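> Below is the sequence, then the predicted model.
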Amino acid sequence: MSTPHIAAEKGEIAERILLPGDPLRAKFIAEHFLDGAKEYTHVRNILGYTGTYKGVPVSVQGTGMGIPSISIYVHELIHTYGCKKLFRVGTCGGMHPDVKLRDILIAQAASTDSSLVRNIFGGTINFCPIADFTLLEKAVANTRRLQLKATIGNIISVDRFYDEDIDNDKLRKYGILGVEMEAAALYTLAAEAHVQALALFTVSDHLLTGESCTAEERQTSFNDMIRIALETAIED
Ligand SMILES: O=P(O)(O)O[C@H]1O[C@H](CO)[C@@H](O)[C@H]1O
Ligand SMILES: O=c1cc[nH]c(=O)[nH]1
């Protein structure tokens, strides 16, 4: 059994799964954090692996960039492979003076300019995509236990990486901490399917200061965020 985008047999993907956009970050996580990780898919070079973390089965799957792409993977992971706890581990742009380059953000909510919400709810309801509270609570506790720091709040999932039209000053004024391209879809699709989801980010560049991490750092240097996600994923 496989889907159009994931070439895994049923049972090869764990209920607990980390979801980086970048498939090479999936490979990095599998090789550096999971024990006995085995690749279960490489369709379109979007890589997926299952191994164990502290003895608990955990998968990691690239999702590509943008809401259409992650929506395909999340749908197939939930509805074909039975994933129940989904953690986006992404990079984001820092939007707010309270966040600095390489900080960890955890998205309590994900605002969006995507048509996803309108496609589902029509024009009258502005559905608010939110994190699963239990996962959020556990992730905050694990952040403290690991003596790390994370900023928790609202982020925005945008459709355009290069967007001259977006009003970042207004978003900042309303407390939006960071910008990325997938979390609102993850939260919305998880809500529909009654499964748990949480999105964590490392600030890879900053819209206010113009600082940025290298492409290699984006792939490999986000170990603290990954550790928080894994420690949270394996809890009951
Ligand atoms: O680093 P990932 O997880 O891909 O996330 C961010 O990076 C990509 C843009 O460079 C978008 O997918 C955005 O959401
Ligand atoms: O989507 C993203 C990711 C990183 N930085 C940005 O500015 N946007």
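Perfect, thanks for sending it. Numbering: from 1, shown residues only. Ligands and ions are numbered 1, 2, ... in the order given.
> Would you mind listing what in the chain touches ligand 1?
Those residues of the chain that sit near ligand 1, judged by Cβ under 6 Å from any ligand atom, are Pro20, Gly21, Asp22, Met65, Gly90, Thr91, Phe161, Glu180, Met181, Glu182. From N, CA and C alone the C-beta is placed, and that goes for glycine too.
> nearest to ligand 1, of those?
Distance ranking of the residues of the chain next to ligand 1 against ligand 1, using Cβ to the nearest ligand atom, places Gly21 first at 2.1 Å.
> Was I right to think the closest one contacts Gln61?
No - using Cβ atoms under 8 Å, Gly21 and Gln61 do not qualify as a contacting pair, with a distance of 10.5 Å.
> Compare these two and say which is more crowded by neighbours.
When Gly21 and Gln61 are compared on other Cβ atoms under 10 Å, the one with more neighbours turns out to be Gln61, at 29 against 23.
> for the protein, what spans make up the helices?
If you assign secondary structure with DSSP state H, the helices in the chain sit at 23-33, 67-79, 116-121, 133-145, 168-173, 183-193, 215-220, 223-233.
> For Phe127, find the nearest of the ones you listed.
helix 116-121 (4.9 Å; Cβ to Cβ).
> how distant is the closest one from the center of its chain?
Averaging C-alpha coordinates over helix 116-121 and over its chain gives two centres that are 20 Å apart (Cα atoms, centre = their mean, to the nearest Å).
> for stretch 116-128, same thing?
21 Å.
> so how far does that stretch reach from one end to the other?
End-to-end distance of stretch 116-128 (Cα to Cα, to the nearest Å): 12 Å.
> which outside residues touch that stretch?
With Cβ atoms under 8 Å, 6 or more residues apart in numbering as the test, stretch 116-128 has contacts from Ile67, Ser71, Ala109, Ser111, Pro129, Ala184, Ala185, Thr188, Glu192.
> If any of these are buried, put those into a PyMOL selection.
Only the buried members of the contacts of stretch 116-128 enter the following PyMOL selection, criterion being 16 or more other Cβ atoms under 10 Å:
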select buried, resi 67+71+109+111+129+184+185+188
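> Show me what the residue nearest the centre of the chain is bridged to.
What sits nearest the mean C-alpha location of the chain, by Cα atoms, centre = their mean, is Arg88, with 1.7 Å. When assigned by DSSP bridges, Arg88 has beta-bridge partners Leu19, Ala199.
> how much space between it and Ala229?
To Ala229, Arg88 is 9 Å away according to Cβ to Cβ, to the nearest Å.
> Pull up the overlap in contacts between those two.
The contact lists of Arg88 and Ala229 share Leu198, Leu200, where a contact means Cβ under 8 Å, 6+ apart.
> hang on, the earlier thing: tell me the two of the residues of the chain next to ligand 1 that are most distant?
Pairwise distances among the residues of the chain next to ligand 1 were taken by Cβ to Cβ; the largest, 16.2 Å, belongs to Pro20 and Phe161.
> Include distance to Leu77 when you put the residues of the chain next to ligand 1 into TSV, please.
As requested, the residues of the chain next to ligand 1 are exported to TSV (distance: Cβ to Cβ, whole Å):
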residue	distance to Leu77
Pro20	13
Gly21	14
Asp22	17
Met65	17
Gly90	16
Thr91	20
Phe161	24
Glu180	19
Met181	18
Glu182	13
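> residues in contact with Glu76?
Thr3, Pro4, His5, Ile6.
> show me what contacts the closest residue to Phe201 other than its chain neighbours?
Of all residues not flanking Phe201 in the chain, Cys92 sits nearest, at 4.0 Å (Cβ to Cβ, 6 or more residues apart in numbering). By Cβ under 8 Å, 6+ apart, the contact set of Cys92 is Leu105, Ile155, Gly178, Val179, Glu180, Phe201, Thr202, Val203, Ser204.
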